[in-house]
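**Student:** have a look; sequence and predicted model below, questions after that.
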Amino acid sequence: MRTQVVIIGSGPAGLMLSQLLHTHGIESIVLERQSRDHVLSRIRAGVLESTTVDVLRQMGVSERMDREGHPHDGMRIAWAGRDTFFVDTYKTLGRRFMVYGQTSIQEDLFAAADRRGQPVLCEASDIVLHGLESDTPHVTFVQQGEARRIDCEFVAGCDGFHGVSRKSIPASVLKEYEKVYPFGWLGIMARVKPLPDVTYANHPRGFALASYRTTSLSRFYIQVPLDHSVEDWPDERFWPELKARFPAEMAEAITEGPSIEKSIAPLRSFVAEPMRFGKLYLCGDAAHIVPPTGAKGLNLAASDVFYLSRALAGWYARRDAAGLDRYSEMALRRVWSSVRTSWYLTTLLHRFPHFSDFDQKAQEVELDYLKSSTYAQAALAEQYAGLPFEPEA
Ligand code: APR
Ligand code: PHB
């Protein structure tokens, strides 16, 4: 087989990239290790920045999002069970978020791929990238017991944190930055009416978050120790603990119901630089991980593939390599901005087991300052909204 771009991974990064390349008339083949059902069953965050909404509209995959998604204007922060304030990105910057689940985005992207006849080869194992520093890279893999090969001009590594793409870059070239946090998030989905705002709570018992997918589907999270498992958290234990972490009037507004999904994820910040090696370009979780506080992961995947598709379009239309040469530094500027914001929000809103009295006091003073200062709120709104895209030239 032969194509212009081989895309490794059919998560949001891989499928958004194949769709964007298609709008520029560039051919691709997507290779995925898992089955399509497996990819579609994953539940992740669901808050889209205005830039991500624009990218989805530009690629023609926004029809259901525009119909079923819920625009919202920012985030509410509560702490110590008493105070709340609203960080308003719409009032500050004129930019709104959209609440629309990543699972729905994956469905929309697979449907669009099917409509245009995009090859997405699932259950492909033993993927190996070859000749990345040459003009003739190729990818080998095994599908249904058969060894196969695709020759191409570029490889896009969209295969998440555990994929092969980043590992194909020599260690001497790659610089990795990592921070591991001493807790995880237990998340549940329940068919109950949500609170009106996406609300983050800092409480002596630990962090909690109220979010939603639709007017009758809620998503809640609580901070838990790293050694806990979902078996430690039956619904009867979860609901009182969640409510104990919100101010009384919000706790009263939370409707309980049976959980339809429950999972625990550890929190980590990670960045690998550069995001390019020869003909290989990394996008999304393959190059960086953010803790979920602020819901930046999917949004960074969207900005990476926006920059990469624009750079490849410049190459194929005009043989102009400037965008490709600048891809890594341009993508990383936006990545680091959101890595910093999600680290800041994680540090501001969680209870750290090893915090000294000094650290704890400093966190509370920071929250007091944010609540009292419209300037501080405007600065946070600007960071939470995500950097605007940089122009091409
Ligand atoms: N070969 C082929 N595919 C692979 C391989 C491999 N060796 N390793 C992993 N994959 C696939 C995974 O099965 C997955 O479907 O790559 C895909 C990567 O998808 P994600 O992990 O969703 O990463 P990404 O597309 O970058 O999305 C980033 O979405 O998943 C969230 O938390 C993530 O919000 C972030 C955003
Ligand atoms: C979610 O809705 O799943 C969500 C919202 C906000 C976050 C993280 C996750 O910061």
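**Tutor:** Nice, I can see it. Numbering: from 1, shown residues only. Ligands and ions are numbered 1, 2, ... in the order given.

**Student:** what does this protein have sitting close to ligand 1?
**Tutor:** Contact residues, the chain versus ligand 1 (Cβ under 6 Å from any ligand atom): 8-14, 31-34, 39, 44-45, 102, 124, 127, 158-160, 162-164, 284-286, 297-298, 301. Quick note: C-beta positions are derived from backbone N, CA and C, even for glycine.

**Student:** quick check: beta-bridge partners of the residue of the chain found nearest ligand 2?
**Tutor:** Closest to ligand 2 within the chain is Ser211: 3.2 Å, counting by Cβ to the nearest ligand atom. Per DSSP bridges, residues listed as beta-bridge partners of Ser211: Arg219.

**Student:** what is the burial count for it?
**Tutor:** Neighbours of Ser211 under the rule other Cβ atoms under 10 Å: 24.

**Student:** hmm, it is touching Ala201, no?
**Tutor:** No. Using Cβ atoms under 8 Å, Ser211 makes no contact with Ala201, being 11.7 Å away.

**Student:** would you mind measuring from the closest residue to ligand 1 within the stretch 1-150 of the chain to Pro137?
**Tutor:** Per Cβ to the nearest ligand atom, Gly11 is where the stretch 1-150 of the chain lies closest to ligand 1, at 2.1 Å. Counting by Cβ to Cβ, to the nearest Å, the gap from Gly11 to Pro137 is 21 Å.

**Student:** contact partners for Leu282?
**Tutor:** Neighbouring residues of Leu282 by Cβ atoms under 8 Å, 6 or more residues apart in numbering: 156-158, 165-166, 272, 275-276, 304.

**Student:** among these, which one has the most neighbours?
**Tutor:** Counting by other Cβ under 10 Å, top hit in those: Cys158 with 33 neighbours.

**Student:** next, that residue: phi, psi?
**Tutor:** phi -120, psi 30 (degrees, to the nearest 10).

**Student:** so what sits opposite Val47 in the bridge?
**Tutor:** Val99.

**Student:** ok, it - contacts?
**Tutor:** Neighbours of Val47 in contact, by Cβ under 8 Å, 6+ apart: 97-99, 198, 211, 295.

**Student:** low-confidence ranges, this structure, go.
**Tutor:** Low-confidence segments of the chain (pLDDT under 70): none present.

**Student:** hang on, the earlier thing: the contacts of Val47: which two are farthest apart?
**Tutor:** Longest distance between any two of the contacts of Val47 is 12.6 Å, between Met98 and Ser211; criterion Cβ to Cβ.

**Student:** identify each buried residue in the longest helix anywhere in the chain, please.
**Tutor:** If you go by DSSP state H, the chain has its longest helix at helix 322-349. Of the residues in helix 322-349, 323-324, 326-328, 330-332, 334-335, 337-339, 341-349 count as buried by neighbour count, 16 or more other Cβ atoms under 10 Å.

**Student:** again with stretch 216-223
**Tutor:** Neighbour count says stretch 216-223 has 217-223 buried, by 16+ other Cβ under 10 Å.

**Student:** for that stretch, which outside residues touch it?
**Tutor:** Under the contact criterion Cβ under 8 Å, 6+ apart, stretch 216-223 has outside partners 46, 183-195, 206-213, 238, 241-242, 245, 254-255, 292, 350-351.

**Student:** using CSV, list the CA coordinates for it.
**Tutor:** The C-alpha coordinates for stretch 216-223 follow below in CSV (Å, rounded to 0.1, in the frame of the first residue of the first chain):
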residue,chain,number,x,y,z
SER,A,216,-30.0,14.8,32.2
LEU,A,217,-26.5,13.2,32.2
SER,A,218,-24.0,14.3,34.9
ARG,A,219,-20.3,13.7,35.3
PHE,A,220,-18.7,14.0,38.8
TYR,A,221,-15.2,13.5,40.0
ILE,A,222,-13.5,13.3,43.5
GLN,A,223,-9.8,13.3,44.4
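
**Student:** chain center to that stretch: distance?
**Tutor:** 17 Å (Cα atoms, centre = their mean, to the nearest Å).

**Student:** try stretch 148-161
**Tutor:** Its chain's C-alpha centre and that of stretch 148-161 lie 21 Å apart, by Cα atoms, centre = their mean.

**Student:** do stretch 60-80 as well
**Tutor:** Centre-to-centre, stretch 60-80 and its host chain are 15 Å apart (Cα atoms, centre = their mean).

**Student:** and that stretch, what's buried?
**Tutor:** The neighbour-count check on stretch 60-80 (16+ other Cβ under 10 Å) flags 61-62, 65, 69-70, 72-79 as buried.

**Student:** do stretch 128-142 as well
**Tutor:** Buried residues in stretch 128-142, counted by 16+ other Cβ under 10 Å: 129, 132, 137-139, 141.

**Student:** what lies in contact with it?
**Tutor:** 6, 8, 31, 121, 124-127, 147-155, 157, 164-165, 168, 277-280.

**Student:** filter those residues to the buried ones?
**Tutor:** By neighbour count, with 16+ other Cβ under 10 Å, those hold 6, 8, 31, 121, 124, 127, 150, 152-155, 157, 164-165, 168, 277-280 as buried.

**Student:** which ones among those map onto strands?
**Tutor:** In strands, defined here by DSSP state E, the members of the buried ones among the contacts of stretch 128-142 are 6, 8, 31, 121, 124, 127, 150, 154-155, 157, 277, 280.
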